[in-house]
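Novice: Sequence and computational prediction follow.
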Amino acid sequence: MIIEKSRNHYGAYAENGDGIYAAGNTIEEVQADTEQAIELIKNELPQDQWPSALRGEYELVWKFDTESFLQYYGDILTLTGLQRITGINSKQLSHYATGYRKPSPKTVSRIQDGITRFAEMLKHVSLA
(Lines give C-alpha, C1' and ligand atoms only; values in the text may rest on other atoms or scores of the structure.)
Protein backbone atom coordinates (compact mmCIF):
# COMPACT_ATOMS: atom_id res chain seq x y z
CA MET A 1 0.00 0.00 0.00
CA ILE A 2 1.27 3.44 -0.96
CA ILE A 3 0.61 5.99 1.79
CA GLU A 4 0.49 9.66 0.87
CA LYS A 5 -0.26 12.81 2.84
CA SER A 6 -2.82 15.27 1.54
CA ARG A 7 -3.72 18.62 3.01
CA ASN A 8 -6.30 17.17 5.42
CA HIS A 9 -5.58 13.47 5.84
CA TYR A 10 -3.58 10.43 4.76
CA GLY A 11 -4.66 8.24 1.89
CA ALA A 12 -3.49 4.87 0.66
CA TYR A 13 -3.93 2.77 -2.43
CA ALA A 14 -2.75 -0.67 -3.44
CA GLU A 15 0.22 -0.67 -5.75
CA ASN A 16 -0.76 -4.05 -7.13
CA GLY A 17 -4.49 -4.33 -6.53
CA ASP A 18 -7.11 -2.23 -8.24
CA GLY A 19 -9.94 -1.12 -5.99
CA ILE A 20 -8.13 -1.19 -2.66
CA TYR A 21 -8.18 2.31 -1.16
CA ALA A 22 -8.11 3.72 2.36
CA ALA A 23 -8.00 7.04 4.18
CA GLY A 24 -7.69 8.44 7.68
CA ASN A 25 -6.42 11.26 9.83
CA THR A 26 -3.47 9.17 11.02
CA ILE A 27 -1.37 6.35 9.60
CA GLU A 28 -2.98 3.98 12.09
CA GLU A 29 -6.43 4.94 10.80
CA VAL A 30 -5.29 4.33 7.22
CA GLN A 31 -3.94 0.92 8.15
CA ALA A 32 -7.18 -0.01 9.93
CA ASP A 33 -9.25 1.33 7.03
CA THR A 34 -7.16 -0.74 4.61
CA GLU A 35 -7.89 -3.91 6.55
CA GLN A 36 -11.60 -3.03 6.63
CA ALA A 37 -11.57 -2.39 2.86
CA ILE A 38 -9.98 -5.78 2.24
CA GLU A 39 -12.52 -7.51 4.48
CA LEU A 40 -15.33 -5.71 2.67
CA ILE A 41 -14.01 -6.87 -0.69
CA LYS A 42 -13.67 -10.44 0.54
CA ASN A 43 -17.13 -10.48 2.14
CA GLU A 44 -19.10 -8.65 -0.53
CA LEU A 45 -17.56 -9.75 -3.84
CA PRO A 46 -17.25 -13.18 -5.40
CA GLN A 47 -13.66 -14.41 -5.27
CA ASP A 48 -13.24 -14.15 -9.04
CA GLN A 49 -13.81 -10.36 -8.70
CA TRP A 50 -11.18 -9.88 -5.98
CA PRO A 51 -7.99 -8.07 -6.99
CA SER A 52 -5.40 -10.72 -7.84
CA ALA A 53 -3.18 -9.50 -4.98
CA LEU A 54 -5.82 -10.73 -2.49
CA ARG A 55 -6.12 -14.23 -3.89
CA GLY A 56 -4.15 -16.70 -1.83
CA GLU A 57 -1.52 -15.58 0.66
CA TYR A 58 -0.67 -11.89 0.83
CA GLU A 59 1.18 -9.48 3.09
CA LEU A 60 0.46 -5.79 3.53
CA VAL A 61 3.57 -3.71 2.96
CA TRP A 62 3.40 0.02 3.69
CA LYS A 63 5.26 2.36 1.35
CA PHE A 64 5.39 6.03 2.23
CA ASP A 65 5.96 8.96 -0.05
CA THR A 66 8.86 11.01 1.31
CA GLU A 67 6.69 13.81 2.72
CA SER A 68 4.45 11.39 4.64
CA PHE A 69 7.41 9.43 5.99
CA LEU A 70 9.20 12.53 7.24
CA GLN A 71 6.05 13.89 8.86
CA TYR A 72 4.96 10.62 10.42
CA TYR A 73 8.34 9.68 11.86
CA GLY A 74 9.37 13.28 12.62
CA ASP A 75 8.87 12.83 16.36
CA ILE A 76 11.26 9.88 16.38
CA LEU A 77 13.75 10.72 13.63
CA THR A 78 14.61 14.41 13.84
CA LEU A 79 15.74 16.28 10.74
CA THR A 80 19.16 16.75 12.33
CA GLY A 81 19.40 13.01 12.95
CA LEU A 82 18.25 12.26 9.42
CA GLN A 83 20.90 14.66 8.14
CA ARG A 84 23.51 12.56 9.93
CA ILE A 85 22.33 9.27 8.47
CA THR A 86 21.52 10.51 4.94
CA GLY A 87 24.01 13.31 4.36
CA ILE A 88 21.16 15.57 3.22
CA ASN A 89 20.96 19.02 4.80
CA SER A 90 18.23 19.26 7.45
CA LYS A 91 16.80 22.42 5.83
CA GLN A 92 16.39 20.50 2.58
CA LEU A 93 14.77 17.62 4.47
CA SER A 94 12.42 20.17 6.05
CA HIS A 95 11.33 21.28 2.58
CA TYR A 96 10.52 17.66 1.72
CA ALA A 97 8.64 17.14 5.00
CA THR A 98 6.41 20.17 4.43
CA GLY A 99 5.82 19.43 0.75
CA TYR A 100 7.47 22.72 -0.23
CA ARG A 101 9.79 20.73 -2.48
CA LYS A 102 9.72 17.21 -3.87
CA PRO A 103 12.91 15.14 -3.73
CA SER A 104 14.37 13.72 -6.92
CA PRO A 105 14.42 9.93 -7.31
CA LYS A 106 18.16 10.02 -6.54
CA THR A 107 17.49 11.92 -3.29
CA VAL A 108 14.69 9.53 -2.31
CA SER A 109 17.19 6.71 -2.82
CA ARG A 110 19.74 8.48 -0.57
CA ILE A 111 17.11 8.86 2.16
CA GLN A 112 16.06 5.21 1.81
CA ASP A 113 19.67 4.00 1.87
CA GLY A 114 20.46 6.05 4.99
CA ILE A 115 17.40 4.76 6.81
CA THR A 116 18.18 1.19 5.79
CA ARG A 117 21.79 1.49 7.00
CA PHE A 118 20.57 2.94 10.30
CA ALA A 119 18.01 0.14 10.73
CA GLU A 120 20.74 -2.46 10.06
CA MET A 121 22.95 -0.84 12.70
CA LEU A 122 20.11 -0.94 15.23
CA LYS A 123 19.48 -4.64 14.54
CA HIS A 124 22.95 -5.38 15.91
CA VAL A 125 22.68 -3.26 19.05
CA SER A 126 22.42 -4.97 22.40
CA LEU A 127 21.94 -3.16 25.69
CA ALA A 128 23.64 -4.43 28.81
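Specialist: Ah, there it is. Residues are numbered from 1 along each chain as shown.
Novice: Residues contacting the helix or strand where Met121 lies, please?
Specialist: Per DSSP states H and E, Met121 falls inside helix 105-123. Residues outside helix 105-123 that contact it (C-beta atoms under 8 Å, 6 or more residues apart in numbering) are Thr66, Phe69, Leu77, Leu82, Ile85, Thr86, Gly87, Ile88, Leu93, Tyr96, Pro103. All C-beta spots, glycine's among them, are computed from the backbone N, C-alpha and C.
Novice: Show me which positions of that helix end up buried.
Specialist: Neighbour counts over helix 105-123 (16 or more other C-beta atoms under 10 Å) mark Thr107, Ile111, Gly114, Ile115, Phe118 as buried.
Novice: Of the residues you listed, which is the nearest to Glu44?
Specialist: Comparing these against Glu44 with C-beta to C-beta places Ile115 closest, at 37.8 Å.
Novice: do you know how far that closest one is from Gly99?
Specialist: With distances defined as C-beta to C-beta, to the nearest Å, the gap from Ile115 to Gly99 amounts to 19 Å.
Novice: so what's the most centrally placed residue in the chain closest to, chain neighbours aside?
Specialist: Nearest to the geometric centre of the chain sits Phe64, at 2.3 Å (C-alpha atoms, centre = their mean). The shortest distance from Phe64 to any non-neighbouring residue, by C-beta to C-beta, 6 or more residues apart in numbering, is to Ile3 (5.0 Å).
Novice: Can you classify that neighbour by secondary structure?
Specialist: Secondary structure for Ile3, judged by DSSP: H, G, I helix; E, B strand; the rest coil, is strand.
Novice: Give the bridge partners for it, please.
Specialist: Ala12, Phe64 (DSSP bridges).
Novice: Show the contacting residues for it.
Specialist: Tyr10, Gly11, Ala12, Ile27, Val30, Trp62, Lys63, Phe64, Asp65, Ser68.
Novice: Am I right that the third one is in contact with Thr26?
Specialist: In other words, Ala12. No. With contact defined as C-beta atoms under 8 Å, Ala12 does not count as touching Thr26 (11.8 Å).
Novice: who's more crowded, those two?
Specialist: Higher neighbour count among Ala12 and Thr26: Ala12, with 25 against 11, using other C-beta atoms under 10 Å.
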